[in-house]
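Undergrad: Prediction below, plus the sequence it came from.
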Amino acid sequence: MTPTHRRGLGALFRILPGVARPAGSGGGGAVLAASITGAVLVAVDGTALAVARPVLQHDLHASVAAVQWAGTGYLVAVASLLVFAGRLGDRYGHRRLFALGVAGFGAASLGIALAPGIGWVIALRVVQGVAGALLQPATLGMLRAALPTDRLAAPIAIRTAAIGLAAAAGPLVGGALTAHFGWRSIFLLGLLPAAAALLSVRAVPAAAAPAGSGASGSRPSGAGRGAGLDLPGAALLALALACLVQALVALPEAGWSVGPVLGLAAAAVLALLLVRHERRAAHPLLPPALLGSALVAPPLGVLLAASAALQGALFPATYFLQDVLGLDPLQSALRAAPLAVAMILAAPGSARLTKRHGERAVVLTGMAMITAGALLTARLGPGSGTVAIGGCFALLGAGFGAVMATATVLLVRGASTTRAGVAGGLQQTVLNIGPALGIALAATASGRTDPGAALTPAALTMAAVAGAGTPLAVRLPGRAAGPESGRLPGRAAPGRTAPAPPGSAAESDPVTGR
């Protein structure tokens, strides 16, 4: 283990004791364990499946398009339902939605492992998407409800590092399982983190959910029932996101043909209808006060730009390693390993740096690293060595780890406990749309050239995307938000879960609680 690895692990373990200590109701450690296991469950499943697709296709005698739909169906389902699922968690309790999502995800995994044909795989992957939409916002919603806002940075940083570790291990574990036991073993593997998540959530106290949410098994309060679910708004948002994601996923292969163009047009029309509806709704799914907050809108934009730039740069870089340099998948994975290592180390490190330098400085530095990593990636060629390639991936990973952890803290902290699920759903939605957008832009920049041969224009485009997100990072608070920064009606004080009385003008600062 290198000195860099030891320093990173040391920083991680130094902040763990503070996380594990009870927070108010005594649920900090249990909530963090549930949040991590739920996030890892989704990350391992998606990354491990990617390497098994060729074997799955051959074993089930399926077409390439059908196998792609196994991934697209999941992505469309999860992206279109995340925000509404977060709203359900805000009303009925994040712990309850988390348990339901984990159970559904595990059951669908078992079904896929036993599926007799590709049709069953596609259908059950859609079911997995629905279950994933239920559990993912809850992983952040439980943290926001259980922990004081000034203690969110370390848990979210650890959660981000765990996601990076799972994403790095997924392809290696998936490849080994597929080679020795077949593609079905990957989905059986998913049962282990699902069981761990269900066990961990049992230890989460009922207080780890907004008061009146029904998380403890009681009926929601009258205030909760009056808030409404805005079903028309949820339907419009789901349809708009489904059209957008489908168009973005199809764009790299189909180009600017009729299908993707119609999908984007439909998404735009539905988005306009959604805006009109939300302005008139008594209890909108996307409250203007939430989206207009200085602690919500800029972090969302930064996360969108960062995730798009990262995945948009990795898309042609993967082809470059295999098609131009002639490396096999394992050699390519080893060349790209610095990305995961840097992300794992940068996430907990960012929590410490924000205390010293503030969120804005950390996010700006992270965006600069992503931009520099994309620019250096554009300079790679047939003669590039391992050090040069590893340096590019390390910059991308370190930048994204810092941005994701810090922007997520701001986003979750900027929402009240009664809207934490919606905020978590927005964050997960952006992290699903951003990669699809980045890959679509990279494919467009490549034109008709093979992605590996068109690495330079694609990577330069991603550098521009990261640069476009930098002005949003400038709008972030320099340090912990002051008493007048980003306030939203109905915010609960740190360590408390009860929202302000309906119609009350009382509200508290997202950090101090005053």
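TA: Everything's here; your move.
Undergrad: What number of residues are in the vicinity of Arg356?
TA: Neighbour count for Arg356, taken as other Cβ atoms under 10 Å: 9. For every residue, glycine as well, the C-beta is placed using N, CA and C.
Undergrad: Gly434 is in contact with Ala306, correct?
TA: Yes: the pair Ala306 / Gly434 is scored as a contact, 7.3 Å apart, by Cβ atoms under 8 Å.
Undergrad: Could you check which of these two has the larger neighbour count?
TA: Shown here are Ala306 and Gly434; by other Cβ under 10 Å, Ala306 has more neighbours (31 against 23).
Undergrad: Name the helix or strand for that one, please.
TA: helix 297-319 (DSSP states H and E).
Undergrad: okay, that helix in CSV with CA atoms only?
TA: Taking Å, rounded to 0.1, in the frame of the first residue of the first chain, the C-alpha atoms of helix 297-319 are listed here in CSV:
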residue,chain,number,x,y,z
ALA,A,297,-30.1,24.7,-8.1
PRO,A,298,-26.3,25.4,-8.5
PRO,A,299,-25.3,22.0,-7.0
LEU,A,300,-27.7,20.3,-9.4
GLY,A,301,-26.2,22.1,-12.4
VAL,A,302,-22.6,21.3,-11.2
LEU,A,303,-23.4,17.6,-10.8
LEU,A,304,-25.0,17.5,-14.2
ALA,A,305,-21.9,19.1,-15.9
ALA,A,306,-19.4,17.0,-13.9
SER,A,307,-21.1,13.6,-14.5
ALA,A,308,-21.6,14.5,-18.2
ALA,A,309,-18.0,15.5,-18.6
LEU,A,310,-16.7,12.4,-16.8
GLN,A,311,-18.7,9.8,-18.7
GLY,A,312,-18.4,11.7,-22.0
ALA,A,313,-14.6,11.5,-21.7
LEU,A,314,-14.6,7.9,-20.5
PHE,A,315,-16.7,6.8,-23.5
PRO,A,316,-14.1,7.4,-26.2
ALA,A,317,-11.2,6.7,-23.9
THR,A,318,-12.4,3.1,-23.4
TYR,A,319,-12.5,2.6,-27.2
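Undergrad: oh, and call the first residue 147 from now on, that's how I've got it
TA: Sure, I'll start counting at 147 from here, so that last one is helix 443-465.
Undergrad: Let me see the mean pLDDT of that helix.
TA: Averaging pLDDT along helix 443-465 yields 90.
Undergrad: try stretch 256-275
TA: For stretch 256-275, mean pLDDT rounds to 92.
Undergrad: which other residues reach it?
TA: Identification of contacts with stretch 256-275 by Cβ atoms under 8 Å, 6 or more residues apart in numbering yields 191, 202, 206, 208, 212-213, 215-217, 219-224, 227, 250-251, 254-255, 330-331, 333-334, 337.
Undergrad: Start and end of that stretch, how far apart?
TA: Criterion Cα to Cα, to the nearest Å; first-to-last residue distance in stretch 256-275 is 14 Å.
Undergrad: Run through this structure and note the low-pLDDT ranges.
TA: 147-174, 350-374, 624-660 (pLDDT under 70).
Undergrad: Please list all residues in contact with the nearest residue to Leu521 once chain neighbours are set aside.
TA: Leaving aside its chain neighbours, Leu521 sits nearest to Ala609 (4.8 Å; criterion: Cβ to Cβ, 6 or more residues apart in numbering). Counting by Cβ under 8 Å, 6+ apart, Ala609 touches Ala455, Thr517, Ala520, Leu521, Ala524.
Undergrad: can you tell me which of the residues you listed are in helices?
TA: Those of those mapping onto helices are Ala455, Thr517, Ala520, Leu521, Ala524, per DSSP state H.
Undergrad: To which secondary structure element is the nearest residue to the second one once chain neighbours are set aside assigned?
TA: What that stands for is Thr517. In space, and not counting its chain neighbours, Thr517 is closest to Ala612: 4.3 Å by Cβ to Cβ, 6+ apart. Using DSSP H and E, Ala612 falls within helix 601-620.
Undergrad: Next, the angle from that helix to helix 443-465.
TA: 160 degrees (axes from the mean of the first three to the mean of the last three Cα atoms, to 10 degrees).
Undergrad: So what's the gap between helix 601-620 and the chain middle?
TA: Helix 601-620 sits 19 Å away from the centroid of its parent chain (Cα atoms, centre = their mean, to the nearest Å).
Undergrad: Quick check: buried residues in that helix?
TA: For helix 601-620, a neighbour-count test (16 or more other Cβ atoms under 10 Å) marks 601-616, 618-619 as buried.
Undergrad: how close does the residue nearest to Ala486 when sequence neighbours are not counted get to Ala194?
TA: Leaving aside its sequence neighbours, Ala486 sits nearest to Ala314 (Cβ to Cβ, 6+ apart; 3.2 Å). According to Cβ to Cβ, to the nearest Å, Ala314 and Ala194 sit 11 Å apart.
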